[in-house]
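*Asks:* What follows is a predicted protein model with its sequence.
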Amino acid sequence: MIEQPGELALAAEFPEPDRERWLGLVEGVLGKTGAEYDSLVTTTYDGIAVQPLHTADEPLPATGLPGTFPFTRGGRPQGTALGWEIRQQHREADREAVVADLENGVGALWLRGIAAADLEPLLAEVYLDLAPVVLDAGADFAASGRELLRIWGERSAPGSELAGNLGADPLGALAATGQEPDTAALLDLLPRLDPFPAARLIAVDALPHHNAGGSDAQELGASLAAGVAYLRLLTDAGLPVARAARLLEFRYAATADQFLTTAKLRAARRLWARVTEVCGEPTPQVQHAVTSPAMMTRRDPWVNMLRTTIACAGAGMGGADAITVLPFDHAIGLPDDFSRRIARNTQSVLLEESRLSAVIDPAGGSWYVERLTEDLARAAWRWFQEIEAEGGLAAALRSGLVADRLAATWERRRANLADRTDAITGVSEFPNLGEKPVVRRPAPPEPGGGLPVIRYAQDFEALRDRADAAPERPRVFLATLGPVAAHTARATFAANLLQAGGVETPQAGPTRTTDDVVAAFRASGARVACLCGSESSYAELAAPTADALRAAGAERVLLAGKRSDATVDDHLFLGCPALDVLGRTFESLGVPR
């Protein structure tokens with residue numbers, strides 16, 4: 001008979017750790033590198049300092065239980081244990097694509113930019129009592145909403161079983177297009193919705209603020225201001241607060257920052273709970289998370305599969321009610337069958353194989369996530385108060401307050417992208433010059449006239465486009481100095497940075513003398529060279545090699561590293577303004593704009 005073990009001691013045999021001891025050990029390690037403790041603290045675009053260690057000693061507000069006020073841990077008692085709705089986006093009236101999605105795991109449709117006249121043929125084979133439809137027609141929401149209501153009314157299913165959202169969002173249309181909100185059209189739809197008690201009227205879309213380069217708190221604060229404006233409108237029309245609140249669904253971006261995405265959705269529910277509590281009817285927020293369009297790249301788009309997987313996981317753990325994973329080719333054009341299949345299967349794997357829905361609140365109790373949720377909620381509330389002080393979201397959009405604040409955040413983010421502090425894998429880091437372009441049919445044009453629409457990769461991709469279109473691809477020769485072990489790291493770094501702009505980086509093999517380097521440079525056909533070596537090799541060889549390369553025809557000489565005594569035209573180092581260096585190199589080579 002096998003003897004059963006007694007109670008396992010595990011960590012009980014070790015001395016109980018405390019913060020002071022941890023700090024002492026950390027400072028001991030940092031002291032060897034010359035780094036300061038502050039180097040372990042990261043700061044978000046909302047100014048939130050994320051500490052390297054969080055403990056239960058930090059004061060935090062009560063988060064309640066899932067399904068109870070303030071709904072931080074979820075709007076349902078089951079939390080995330082029931083999973084979420086897999087909602088696929090469609091930007092054209094393709095009936096076969098819609099049917100294929102619904103037959104292969106998709107539970108709801110998000111019809112974006114589909115004309116009212118196309119709805120009936122598009123939905124002809126859809127069981128609308130099983131597959132909710134969410135409209136997103138921008139400023140044309142009234143016509144599309146009336147048409148969907150007509151279709152619902154003619155279906156045999158009881159009205160109580162027909163769910164979805166008419167997608168009215170005049171404030172979102174104002175943000176995206178600058179078109180004045182048509183609240184009369186929204187109120188005209190309101191009584192028509194009575195036969196369909198499970199359906200919603202309004203989609204509070206925060207994506208225009210995210211896609212303009214805004215921060216997470218700016219996205220949350222703007223959505224809160226929009227929600228409050230709609231509550232006022234509906235209650236002024238005679239609806240009880242509880243009924244008005246149930247007509248709203250909120251749409252947020254989910255990014256590749258997994259924990260920030262999780263904290264954002266948790267903070268959003270807490271903020272909305274506070275608003276509805278003040279109104280007398282604490283109500284959980286219904287959330288639709290969409291993988292960020294701003295983070296999607298046209299170059300090396302396959303990496304987008306990884307980004308959207310992480311974003312989807314973050315949204316699922318954050319308690320989103322519905323999630324849309326954008327296809328990996330979203331930034332290129334309309335998706336094909338393969339990219340749509342990967343998008344929907346990403347969610348199926350996370351739900352069915354990774355079993356994210358097997359836990360009620362996966363992030364609950366994480367001091368890091370709870371602290372981040374609290375700080376994000378407070379930052380968003382301050383922005384919401386500024387918008388309200390301006391007279392509400394519509395007034396803040398008209399006055400330029402929102403645009404100016406989002407632009408300031410985008411410029412800070414853009415600077416971090418430019419020097420690769422914020423890395424974009426496959427674009428600004430580890431680019432693939434040999435990638436075959438992915439070609440897709442053009443997507444319908446997006447309405448403009450309001451807040452700008454940006455993508456984080458756009459500046460680097462513009463350089464890649466210039467390099468591809470040039471009569472001859474720009475080329476920078478890597479002049480490696482000293483033995484292989486001395487120059488490999490900096491040569492790799494320089495190649496990575498230069499290739500991010502579409503620049504070829506021919507390199508000599510193991511070199512012995514300055515004459516070897518110059519001969520390899522002449523053979524490469526390059527007009528610009530970059531010195532790559534160790535500090536010791538620079539001290540001995542940088543100046544004479546640079547002079548020899550210029551004598552051999554080099555129009556510019558760069559150096560991988562930073563030395564004040566080096567007579568070179570530009571330095572490539574960690575944190576250097578990579579876009580500026582690439583731009584100057586392009587100008588010297590005469591690469592057309």
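*Replies:* Cool, the structure landed.

*Asks:* what's near enough to touch the closest residue to residue 76 other than its chain neighbours?
*Replies:* Counting by Cβ to Cβ, 6 or more residues apart in numbering, residue 76 lies nearest to residue 67, which is 5.0 Å off, once chain neighbours are set aside. Any C-beta I mention is one placed from the backbone N, CA and C, and that applies to glycine too. By Cβ atoms under 8 Å, 6 or more residues apart in numbering, the residues touching residue 67 are 74, 75, 76, 77, 78, 79, 284.

*Asks:* 7 Å instead, please
*Replies:* Applying Cβ atoms under 7 Å, 6 or more residues apart in numbering, we find residue 67 in contact with 74, 75, 76, 77.

*Asks:* which intervals of the stretch 301-450 of the chain have sub-threshold pLDDT?
*Replies:* Applying pLDDT under 70 to the stretch 301-450 of the chain picks out no residues at all.

*Asks:* is it true that residue 497 touches residue 570?
*Replies:* No - with contact taken as Cβ atoms under 7 Å, residue 497 and residue 570 are classed as non-touching, separated by 10.8 Å.

*Asks:* Between the two, which is the more surrounded one?
*Replies:* Neighbours per residue (other Cβ atoms under 10 Å) separate residue 497 from residue 570, with residue 497 holding more: 26 against 18.

*Asks:* Tell me if I am right that the more buried one is in a strand.
*Replies:* No - the assignment for residue 497 (DSSP: H, G, I helix; E, B strand; the rest coil) gives helix, which keeps it out of a strand.

*Asks:* quick one: the strands in the stretch 101-250 of the chain?
*Replies:* If DSSP state E, counting those that start in this stretch is used as the criterion, the strands of the stretch 101-250 of the chain fall at 108-112, 133-136, 164-168, 199-205, 248-254.

*Asks:* Ok, which of these comes nearest residue 400?
*Replies:* strand 199-205 (20.2 Å; Cβ to Cβ).

*Asks:* can you dump the C-alpha coordinates of that closest one into PDB?
*Replies:* Taking Å, rounded to 0.1, in the frame of the first residue of the first chain, the C-alpha atoms of strand 199-205 are listed here in PDB:
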ATOM      1  CA  ALA A 199     -32.100  44.300 -28.800                       C
ATOM      2  CA  ARG A 200     -30.100  47.400 -28.200                       C
ATOM      3  CA  LEU A 201     -30.200  50.800 -29.800                       C
ATOM      4  CA  ILE A 202     -26.800  52.400 -29.300                       C
ATOM      5  CA  ALA A 203     -23.200  51.300 -29.800                       C
ATOM      6  CA  VAL A 204     -20.900  53.700 -27.900                       C
ATOM      7  CA  ASP A 205     -17.800  53.400 -30.100                       C
END
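
*Asks:* and residue 30, what is it in contact with?
*Replies:* Taking Cβ under 7 Å, 6+ apart as the criterion, residue 30 is in contact with 36, 37.

*Asks:* can you give me phi and psi for it?
*Replies:* In this entry, residue 30 is assigned phi and psi values of phi -60, psi -30 (degrees, to the nearest 10).

*Asks:* hang on, the earlier thing: mind checking the strands of the stretch 101-250 of the chain for the one nearest to residue 430?
*Replies:* When the strands of the stretch 101-250 of the chain are ranked by distance to residue 430, counting by Cβ to Cβ, first place goes to strand 248-254 at 23.5 Å.
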